[in-house]
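Asks: Provided below for reference: sequence and predicted model.
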Amino acid sequence: MSAEPLLRIRGLRTYFHTERGRLAAVDGVSFDVGKGEIVGIVGESGCGKSATAQSVLRLFDEKRLASYEGEIDYDGTDLLRLSPKQMRDIRGNEISMIFQDPLSSLNPVHTVGQQIVETLRLHRPIGKKEAAARAIELLRMTGIPAPERRAREYPHQLSGGMRQRVMIAIALACEPKLLIADEPTTALDVTIQAQILELIAGLNRRLGMSVMLITHDLGVVAEACTRVVVMYLGQVVEAADVRTLFAKPLHPYTIGLMRSVPRLDGDRTQELPAVPGSVPTLGQVSPGCRFASRCAFADDRCRSEMPELETLPGTDTQVRCWYAGQIAEGRLADANRER
Ligand SMILES: Nc1ncnc2c1ncn2[C@@H]1O[C@H](COP(=O)(O)OP(=O)(O)O)[C@@H](O)[C@H]1O
Ligand SMILES: [Mg+2]
């Protein structure tokens, strides 16, 4: 069914230590990213997508802000057991990340060329000249016109789309095996969005690079991803290959997200959700299914017992819902009426 895993996340919990106590922003997340695969992570804002991504690279301050539990197996190594030094060797080298807002992650006082050179020289024993040539080549690969000139410019001299390309060039400098892209196109206009996605998809095809693509845009998922993981309030609620998920969503939350997808010919700037209600804050989590407070089908069991993420028999879909079987058979409406 799916490719050999490069990244295997199991039971990941990321706790933030806040004034209100320890909050699990990521609460028992498990999924794989196969070699050469583009896996989409979707869900409304606040569902823990970024926290999951940043946990993979252990970007949160582990002394004061956050702690992790579970396993993040990358190519046979549990990243959660590595030393800070070993993690630095992984970041930007084996696994790279690009963020929604490139301006905040680029250094304003260095030219973009210098920033690519730095990344290269941090991980590879190459000379300055060779690194500078490679930086230009990387900028060219991301579709930046006149890369020799652009390499000498500073981030503020570039447009949003250009900056995102620079981020991608930096991320790709060391030919990572896994690219984590956290809403890489959200801040960009629709045409540039499409170009950046095509760039990522092309690199995936040519270099076999695996991609974890975080987005709240199901249109993006449909275009770019092979598999999809749907998150709600720190948990995976559904995971399936992209065709299956679109043809037969099984979790009421996924079904709600699907309904909210703007038409393909229409306005893609519209954001989720059309799911009624809003994501509760982490402090308000109740014992049962996390989605129960917004689910049209929820009953007493849903409100008191948390369903596990399980493969629904007879399907390739993993889903976390007591009534997934009935939804799959189209019986939920009736079942609901009987209760
Ligand atoms: N540094 C932090 N300290 C405390 N809580 C945080 C921090 N970063 C994120 N959170 C909380 O973690 C939850 C998940 O956030 P996030 O991963 O950013 O969601 P998403 O990327 O899906 O929009 C949210 O409730 C958010 O408020
Ligand atoms: Mg986010």
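Replies: Great, that's in hand. Just so you know, these numbers come straight off a predicted model, no measurement behind them. Ligands and ions are numbered 1, 2, ... in the order given.
Asks: any idea how far Ala25 is from the residue nearest to Glu310 when sequence neighbours are not counted?
Replies: Spatial nearest neighbour of Glu310, chain neighbours left out: Gln318 (6.5 Å); criterion: CB to CB, 6 or more residues apart in numbering. C-beta coordinates here come from the backbone N, C-alpha and C atoms, glycine included. Relative to Ala25, Gln318 is positioned 21 Å away (CB to CB, to the nearest Å).
Asks: repeat for Glu62
Replies: Relative to Ala25, and taking CB to CB, Glu62 is found at 14 Å.
Asks: who has more neighbours, those two?
Replies: Ala25 (22 against 12; other CB atoms under 10 Å).
Asks: contacting residues for the spatially most central residue of the chain?
Replies: The residue lying closest to the centre of the chain (CA atoms, centre = their mean) is Ile214, at 2.8 Å. Contacts for Ile214 (CB atoms under 8 Å, 6 or more residues apart in numbering) come out as Gly40, Ile41, Val42, Lys49, Ser50, Ala53, Ile180, Ala181, Asp182, Glu183.
Asks: one more time with 6 Å
Replies: By CB atoms under 6 Å, 6 or more residues apart in numbering, the residues touching Ile214 are Ile41, Lys49, Ala53, Asp182, Glu183.
Asks: spatially nearest residue to the last one (excluding sequence neighbours)?
Replies: So the one you mean is Glu183. Gln100 (4.1 Å).
Asks: mind listing what's buried in stretch 202-210?
Replies: Leu203, Asn204, Met209, Ser210 (16 or more other CB atoms under 10 Å).
Asks: count of residues packed around the residue of the stretch 201-339 of the chain found nearest ligand 1?
Replies: Using CB to the nearest ligand atom, the closest approach of the stretch 201-339 of the chain to ligand 1 is made by Leu282 at 4.7 Å. Applying other CB under 10 Å, we find 20 residues neighbouring Leu282.
Asks: name the SS class of the nearest residue to it once chain neighbours are set aside, please.
Replies: Of all residues not flanking Leu282 in the chain, Leu23 sits nearest, at 4.3 Å (CB to CB, 6+ apart). Three-state assignment for Leu23 (DSSP: H, G, I helix; E, B strand; the rest coil): strand.
Asks: Pro307 is in contact with the residue nearest to Glu310, correct?
Replies: No - counting by CB atoms under 6 Å, Gln318 sits too far from Pro307 to count as a contact (11.4 Å).
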